[in-house]
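J.: below are the sequence and a predicted model; questions follow.
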Amino acid sequence: MSNIKAKKIKEFWNKYEKKVVVFLGILFMGIISFEMGILQGQEWQQEPLVIEKVPDFHVDNISRVLGEESQKTLSSTVNASEKIVPSGKDNKCSLVGSKNSDKYHKIDCSHAKRIKKENQVCFKSIEDAKNKGYQAGSCLK
């Protein structure tokens, strides 16, 4: 019985030898090309692109960057009541809001403490905050 199997394998090999060799050659070339592509891709790996945020300038400080003439033009287009003033003891702010929100809070409120300094808007009174379109935050309700 093993003679019959060996004879069939020998006949198959003699009949399809060239086709099997070509198929295996193409298969191995494909595998090698794929692996070379992966290795080459790893060499071309780039560092991730990092975009840094440009620091915000207050209207009062822009004159140093743009010059006095540009400052006059800019000041005429920006409403002085919308200037962002960081909260603190020296600014006499009794309420603080965020330029990204429409709520105002007491300075010692947990919500006010989470507002970044560059996003803080200072109010001297509740009327001042309401006149600028802000509403009372949860600490004031």
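T.: Sure thing, it's come through. Numbering: from 1, shown residues only.
J.: so who does His105 touch?
T.: When contacts are counted by Cβ atoms under 8 Å, 6 or more residues apart in numbering, His105 is found next to 95-97, 111-112, 137, 139-140. To be clear about C-beta, it is placed using only N, CA and C from the backbone, and glycine gets the same treatment.
J.: do that again at 7 Å, thanks
T.: Contacts for His105 (Cβ atoms under 7 Å, 6 or more residues apart in numbering) come out as 95-96, 111-112, 137, 139-140.
J.: can you check Gly97 too?
T.: The contact partners of Gly97, taken as Cβ under 7 Å, 6+ apart, are 103-104, 121, 123, 129, 134.
J.: which residue is the nearest non-sequential neighbour of Cys93?
T.: In space, not counting the residues next to it along the chain, Cys93 is nearest to Cys122; the distance is 3.9 Å by Cβ to Cβ, 6 or more residues apart in numbering.
J.: any idea how many residues pack against that neighbour?
T.: When neighbours are counted by other Cβ atoms under 10 Å, Cys122 registers 21.
J.: Gln42 too?
T.: Using other Cβ under 10 Å: Gln42 sits among 8 other residues.
J.: same question for Ile4.
T.: Neighbours of Ile4 (other Cβ under 10 Å): 8.
J.: and it, that one's in a strand?
T.: No. Applying DSSP: H, G, I helix; E, B strand; the rest coil, one finds Ile4 to be helix, outside a strand.
J.: for it, give its distance to Glu11.
T.: For Ile4, the distance to Glu11 equals 11 Å [Cβ to Cβ, to the nearest Å].
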